[in-house]
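>>> sequence unavailable; structure follows:
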Ligand SMILES: Nc1nc2c(c(=O)[nH]1)N[C@H]1C(S)=C(S)[C@@H](COP(=O)(O)OP(=O)(O)OC[C@H]3O[C@@H](n4cnc5c(=O)[nH]c(N)nc54)[C@H](O)[C@@H]3O)O[C@H]1N2
Ligand SMILES: Nc1nc2c(c(=O)[nH]1)N[C@H]1C(S)=C(S)[C@@H](COP(=O)(O)OP(=O)(O)OC[C@H]3O[C@@H](n4cnc5c(=O)[nH]c(N)nc54)[C@H](O)[C@@H]3O)O[C@H]1N2
Ligand code: SF4
Ligand SMILES: [Mo]
């Protein structure tokens, strides 16, 4: 086949249509393959949604695939952390199965846990088969990014709308006024919204009305639109005061509140004391500005208020998110064109969330908190290993993740990992976590794997679905996670994931067979022939290799049919809301000398990885941003090394003095401080800032269990 022809056979010469699985934008890409190797990656201009958009990370995936530091055979730990020797798959999986059996016999399956990191959420059905694998072993400790990323929003949505996973998001196609709290989409490419061309959408909204960015840093997005600099971890005050002002001036959507919600009067009463005047000094935004923001929002018919990562990891993450969801409903923006809505996943039937995923259906062993979506609190990873008693964790699988850098207090986690009877890493790099593993099993990159956009496109303002065949054959001895898990189960005499208990043991379907079935019964599927123009994976592969639009857009009004509370009314009052408002009002002021730490992301970085690729990290020097007034008060100067400390620890970092951050705050990116098997990354300057964030249960946000990595108090002094 020639270089210019398209192919969908793994490794064939020519061009291969695929899509990027690094962030929620999931941009269409074309990979050029010659002699079984990817030569370069370029944007797919025919992709119906990304229309030629990619970023430098997506096109760097070939460099990751052929990174000389990539792990290409199973590795067995032979000495200190990071000291490994290659072994065969048979030896690795045989020993892993035997050790798991030993743990189960001695302590029970509950001693087994799993951590699934961010990349797993972009791999088809990964979280589903990963959970089934763990259940098959009798385990239920399910660590992931929930409590460091979305947990507070999951919980708020569940309390207000009855579902933690039917994400609410703004109708950015038609909105005229958008408030964004704690999000930087010009760098992150949007989160909980799948829209590769977010920048254009936001610019159009700004031209029609306005985009207001609420952020303690004058971010790339804040510079482009209207910016209200807020103090870290104080958004509850701001949003509460906006709701207060809306009620005080009769700007609420009274008919909607009366007919379709419950508890709004209780919320109104509880927020009565939180006037713009009370909130202003606490959030750093003037009372007049709060009033005018509330009025602009309430009076613009097509408006939405969106909160993301920056609202999730403070001391009041759940409350801010409860207030954001409530603000949208109170002002009449939920379920209307240009407002606040939910979408549809292309796989499976839409429906009520399962009972086992409900808030409070289980509690954590450490901290005794009700679980959000059944996720074990992120802060408890080390303590689950070191705290004796029933359910103490003895074996852990870390798949697609790096909790030593992603979770707070990484050195404590690293030390605890050394106490496990079995730690298995599934990754194509030895990272700061998997260097502690007994076995590191090499996984595929997404270019070596077929996938269907299954999960994140449920929040796509311009809905689409795409199937990508594998672009190349697996490099080295790398294997698919699904096959690794099933191989382990087979060696333990357990049925394969997704196998039908009624049929012969281990006659397991292929992963894409399962995905195809779920697509076909889903809202855009062919219903097994009943809707001949509906989708199947084959049809996507043959007729829509760059992806298919599944609908022009989701109908916002249908969001009302996805309210899953008991009485199907939007619930604006809950004992959690009551408790959290009382806690907010009782908050003591912080001492004047305290600085609040928060984070930032860069275009060329993705959490803790992709730092081994020269073009992505050239000139990368993480710095601690501090306002000139705070630097002057401490006698500190630009370029100096300073010590930043908390009760958990202290680190030395490079100081950058800049008006980009609000006085009283400091900002440092997470995901640095490398000592894995990646040579370039290890040579980078910078520290693991999560090292000084607390993982103690009393420091978790006490309703969602979210860890506190944005807005935690630090002190900074000269070294
Ligand atoms: N202070 C602070 N901490 C944070 C954040 C923050 O903003 N501030 N952000 C948080 C957020 S939002 C998140 S999502 C978490 C991320 O936390 P994690 O997901 O734990 O961390 P990542 O850095 O994404 O690590 C991903 C790992 O997966 C590997 N990998 C990549 N693709 C694949 C694959 O296809 N298969 C397998 N098996 N492995 C793969 C990579 O090599 C890497 O080692 O971090 C969180 N931590
Ligand atoms: N280039 C790049 N893109 C990414 C990632 C990446 O690491 N790099 N990570 C991906 C992942 S896993 C995720 S979850 C998404 C996240 O995508 P976003 O939600 O857009 O996350 P961030 O870019 O971290 O933006 C969060 C913003 O919140 C601000 N902030 C911090 N504390 C507060 C606060 O208390 N109040 C307010 N109002 N703002 C606050 C920060 O200054 C920051 O600008 O991005 C994804 N995309
Ligand atoms: S924006 Fe970049 S990282 Fe995100 S999907 Fe597109 S190419 Fe990949
Ligand atoms: Mo994330």
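Looks like it came in fine. Computed from a predicted structure; not experimentally measured. Residues are numbered from 1 along each chain as shown. Ligands and ions are numbered 1, 2, ... in the order given.
>>> how far away is the closest residue to residue 482 other than its chain neighbours from ligand 1?
Leaving aside its sequence neighbours, residue 482 sits nearest to residue 511 (C-beta to C-beta, 6 or more residues apart in numbering; 4.8 Å). Every residue, glycine included, has its C-beta placed from N, CA and C. To ligand 1, residue 511 is 14 Å away according to C-beta to the nearest ligand atom, to the nearest Å.
>>> burial measure for residue 511, as a count.
25 (other C-beta atoms under 10 Å).
>>> what mean pLDDT does the helix or strand where residue 160 lies get?
Per DSSP states H and E: residue 160 is located in helix 151-161. For helix 151-161, mean pLDDT rounds to 98.
>>> contacting residues around the helix or strand following that helix?
Going down the chain from helix 151-161, the next helix or strand is strand 168-170, by DSSP H and E. Here strand 168-170 makes contact (C-beta atoms under 8 Å, 6 or more residues apart in numbering) with 157, 161, 178, 192-193, 304-306, 325, 328, 334, 339-343, 459, 461, 559.
>>> tell me which of these fall in helices.
In this view, the contacts of strand 168-170 that belong to helices under DSSP state H are 157, 161, 325, 328.
>>> just checking, what packs against the helix holding residue 160?
Counting contacts by 3 or more C-beta pairs under 8 Å, 6 or more residues apart in numbering; DSSP states H and E, helix 151-161 is packed against helix 317-330, strand 570-571, helix 575-585.
>>> let's see 10 Å
Judged by 3 or more C-beta pairs under 10 Å, 6 or more residues apart in numbering; DSSP states H and E, the packing partners of helix 151-161 are strand 168-170, strand 303-307, helix 317-330, strand 570-571, helix 575-585.
>>> would you pull up how far that helix lies from the middle of the chain?
Helix 151-161 sits 15 Å away from the centroid of its parent chain (C-alpha atoms, centre = their mean, to the nearest Å).
>>> does any part of that helix sit near ligand 2?
No: using C-beta under 6 Å from any ligand atom, helix 151-161 never reaches ligand 2; the gap is at least 10.2 Å.
>>> touching, residue 124 and residue 451? I think so.
Yes: between residue 124 and residue 451 there is a contact under C-beta atoms under 10 Å: 4.7 Å.
>>> mutual contacts of these two, please.
When contacts are counted by C-beta atoms under 10 Å, 6 or more residues apart in numbering, the set common to residue 124 and residue 451 consists of 21, 467, 468, 511, 512, 515.
>>> and the residue nearest to the first one when sequence neighbours are not counted, how far from residue 452?
The shortest distance from residue 21 to any residue that is not its chain neighbour, by C-beta to C-beta, 6+ apart, is 3.8 Å, and that residue is residue 122. According to C-beta to C-beta, to the nearest Å, residue 122 stands 11 Å off from residue 452.
>>> just residue 326 next, same as before
Per C-beta to C-beta, residue 326 is found 35 Å from residue 452.
>>> more neighbours: which of the two?
More crowded of residue 326 and residue 452, by other C-beta under 10 Å: residue 326, with 28 against 25.
>>> any chance of the shared contacts of residue 124 and residue 451 in TSV, with distance to ligand 2 too?
Supplementary listing: those in TSV, determined by distance: C-beta to the nearest ligand atom, whole Å:
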residue	distance to ligand 2
21	12
467	23
468	20
511	23
512	25
515	23
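>>> out of those residues, who's nearest residue 184?
Nearest to residue 184 among the shared contacts of residue 124 and residue 451 is residue 21, at 20.9 Å by C-beta to C-beta.
>>> tell me, how many neighbours does the closest one end up with?
Residue 21, neighbours per other C-beta under 10 Å, totals 24.
>>> report the closest residue of the stretch 1-150 of the chain relative to ligand 1.
Nearest residue of the stretch 1-150 of the chain to ligand 1: residue 117, at 2.6 Å (C-beta to the nearest ligand atom).
>>> can I assume that residue is in contact with residue 146?
No: counting by C-beta under 10 Å, residue 117 stays clear of residue 146, with 11.4 Å between them.
>>> which one's more surrounded, those two?
Neighbour totals were compared for residue 117 and residue 146, and residue 146 leads with 26 against 23 (other C-beta under 10 Å).
>>> quick one, what contacts the more buried one?
Counting by C-beta under 10 Å, 6+ apart, residue 146 makes contact with 152-155, 164, 312, 371-378, 704-706.
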